[in-house]
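>>> This is a predicted model, with the sequence first.
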Amino acid sequence: MKRVVFLVAATTALGCSSSKSGNSISCYVASQSICYEDDAPSADQTSNLQVKCSSVSGAYVTPAACPAAGFVGKCTFAAPDGTETDRFYTGTDVTYQADFCQTVDNGVWSTTF
């Protein structure tokens with residue numbers, strides 16, 4: 001029991017989200033204040049995110065585990081290869097990202113993690 005409580009406390013203290021189940025994937029790019037996430041990726045989405053993540057020196061993780069610390073908003077939208085969620089963090093222009101999400105990506109903006 002103590003180990004479980006410590007793990008939960010350590011995860012909360014570090015500001016990480018709990019990992020998602022299944023084959024979800026994510027790529028956190030701290031230098032760009034963004035985490036790309038796909039909950040049920042197609043083979044194309046998996047391949048595309050691995051390439052994108054590698055090209056920007058991001059941290060590719062499966063199952064998905066975008067950090068909760070510093071989260072300011074997310075955009076969920078239909079990408080050419082399936083639905084994608086982009087999570088944004090402190091350091092990004094929130095007004096710009098929310099507007100871009102809704103007017104260009106035709107997505108849904110939310111401040112709920």
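Structure's in. What do you need?
>>> Quick check: chain neighbours aside, which residue is closest to the residue nearest to the spatial centre of the chain?
By Cα atoms, centre = their mean, the chain has its centre lying nearest to Cys35, at 3.5 Å. Nearest non-adjacent residue to Cys35, counting by Cβ to Cβ, 6 or more residues apart in numbering: Cys66, 3.6 Å away. (Each C-beta comes from the backbone N, C-alpha and C, glycine too.)
>>> where does that neighbour land on pLDDT?
On pLDDT, Cys66 comes in at 98.
>>> Pull the number of nearby residues for it.
Residues lying near Cys66 (other Cβ atoms under 10 Å) number 25.
>>> same deal with Lys52?
For Lys52, using other Cβ under 10 Å, the count is 14.
>>> What sits closest to it if chain neighbours are left out?
Cys27 (6.5 Å).
>>> Can you name the helix or strand that the one you found falls in?
strand 25-29 (DSSP states H and E).
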